[in-house]
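S.K.: Have a look; sequence and predicted model below, questions after that.
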Amino acid sequence: MVDPRTPVLIGAGQLSHRVDRGEEPLEPVDLMAEALRRAAEDSGAGSAALTGADAVHVVALLSWRYRDPGLLLAQRLGASPRDTSVSGMGGISPQSLVNQACLAIQAGDADLVLLAGAEAWRTRMGSRKAGAELDWTVQGDDVPEARHSTADVAMSAPGEQARGVLMPVQVYPLFEQAHRQVLERDIASHVVAASELWSRFSEVAARNPHAWIQRAYTAEEIRTPGDDNRMIGFPYTKLMNSNNAVEQGAGVILCSAERAEALGVPRERWVFPHSGTDAHDHYFVSNREHLGRSPAMRIA
């Protein structure tokens, strides 16, 4: 017998919208809407898994700003949620949203929750470069700003800002060199080890239909700077950096076991989140005890 308040993941959806292959651009809210429609299809419950949502939570967006993206997303899907939110900036926010949704379902504060995120940086940067205006949705001032589901905090200290240590391109190489020292590697062998790891990542991506770049690279190709693989921040060449020139969206549907039953979702489609944790290191890099280790990762 399953407790009716047990959180259940009933559907997941994602898409890579290939504007680089001629597809017409979609704004971020529409990427999220399509991802959630796919999640609803995945659940077997169809549109009822969307229109009955009583909460819609969105991961913070960088490529476009909406006053309340969760509300706009709900409108696209025909839902009338009691609660909408957007996360603060930070890499743990997707996991935080899942954890919060499960706790809300367990406590009886929600029965059906939609979570989504998307970016359309490729189109946004292309329009900026061309000096063109995008006709994407702008919510009026009559729409209240969304509640923040996670704190929106300063990510750098004044002293760091004064020295230009702000962006990943400055910070991550510091982490990498500190981590290299923890591992007691010289620079050359560490670069080889990192490139071999990235090569294995690329082999996985080559077989993943949702990866933006579906090509396997050798370790030597990855670590060797060139015209198409410039050095970004040592030891990271372009192929070792995350790629934000994409148009991608993803979404999941969480609900109570009781609601999953009512929606007619087959039991074999139920996924039970047994546990979840999220943690963060000190937001200010200069305040961290050690740059080569992450207590938050260990604790989580």
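M.R.: Ah, there it is.
S.K.: For the rest of this, base every contact and every neighbour count on C-alpha atoms.
M.R.: OK.
S.K.: For the top helix by length along the chain, which helices and strands make contact with it?
M.R.: Secondary structure of the chain read by DSSP state H shows that its longest helix is helix 187-206. With contacts taken as 3 or more Cα pairs under 8 Å, 6 or more residues apart in numbering; DSSP states H and E, helix 187-206 sits against helix 219-223.
S.K.: So which residues make contact with the helix it packs on?
M.R.: For helix 219-223, contacts defined as Cα atoms under 8 Å, 6 or more residues apart in numbering pick out 191-192, 195-199, 229, 236-237, 239-240.
S.K.: Turn those residues into TSV, including pLDDT.
M.R.: Below are the contacts of helix 219-223 laid out as TSV (pLDDT from 0 to 100):
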residue	pLDDT
Val191	97
Val192	97
Ser195	97
Glu196	98
Leu197	97
Trp198	97
Ser199	98
Asn229	97
Tyr236	95
Thr237	97
Leu239	96
Met240	95
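S.K.: Of these, which pair is most distant in space?
M.R.: Using Cα to Cα, the contacts of helix 219-223 span at most 16.9 Å, a distance reached by Leu197 and Asn229.
S.K.: Kindly confirm my reading that Ala118 is in a strand.
M.R.: Yes - according to DSSP: H, G, I helix; E, B strand; the rest coil, Ala118 belongs to a strand.
S.K.: What residues are bridge-paired with it?
M.R.: Residues in a beta bridge with Ala118, per DSSP bridges, are Gly249.
S.K.: and it, how many neighbours does it have?
M.R.: 29 (other Cα atoms under 10 Å).
S.K.: Now do the same contact list for it.
M.R.: 28-29, 31-32, 59, 61, 247-250.
S.K.: If we use 6 Å, what do you get?
M.R.: 28, 32, 248-249 (Cα atoms under 6 Å, 6 or more residues apart in numbering).
S.K.: Check the gap between it and Asp278 for me.
M.R.: As for Ala118, its distance to Asp278 is 21 Å (criterion: Cα to Cα, to the nearest Å).
S.K.: residue ranges with poor pLDDT in this structure?
M.R.: Within the chain, not a single segment meets pLDDT under 70.
S.K.: all helices of it, in order?
M.R.: 28-43, 48-51, 69-77, 93-107, 121-130, 158-162, 168-183, 187-206, 219-223, 257-263, 295-299.
S.K.: ok and the fifth one relative to helix 28-43, angle-wise?
M.R.: Helix 121-130 and helix 28-43 meet at an angle of 160 degrees, taking axes from the mean of the first three to the mean of the last three Cα atoms, to 10 degrees as the criterion.
S.K.: Would you mind listing the buried residues in helix 121-130?
M.R.: 121-124 (16 or more other Cα atoms under 10 Å).
S.K.: would you put the C-alpha positions of it in CSV?
M.R.: Provided in CSV are the C-alpha atoms of helix 121-130 (Å, rounded to 0.1, in the frame of the first residue of the first chain):
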residue,chain,number,x,y,z
TRP,A,121,21.0,31.9,-26.2
ARG,A,122,21.8,31.1,-29.8
THR,A,123,18.9,33.2,-31.1
ARG,A,124,19.3,35.9,-28.5
MET,A,125,23.0,36.4,-29.2
GLY,A,126,22.5,36.2,-33.0
SER,A,127,19.8,39.0,-32.8
ARG,A,128,22.1,41.1,-30.6
LYS,A,129,25.0,40.7,-33.0
ALA,A,130,22.7,41.7,-35.9
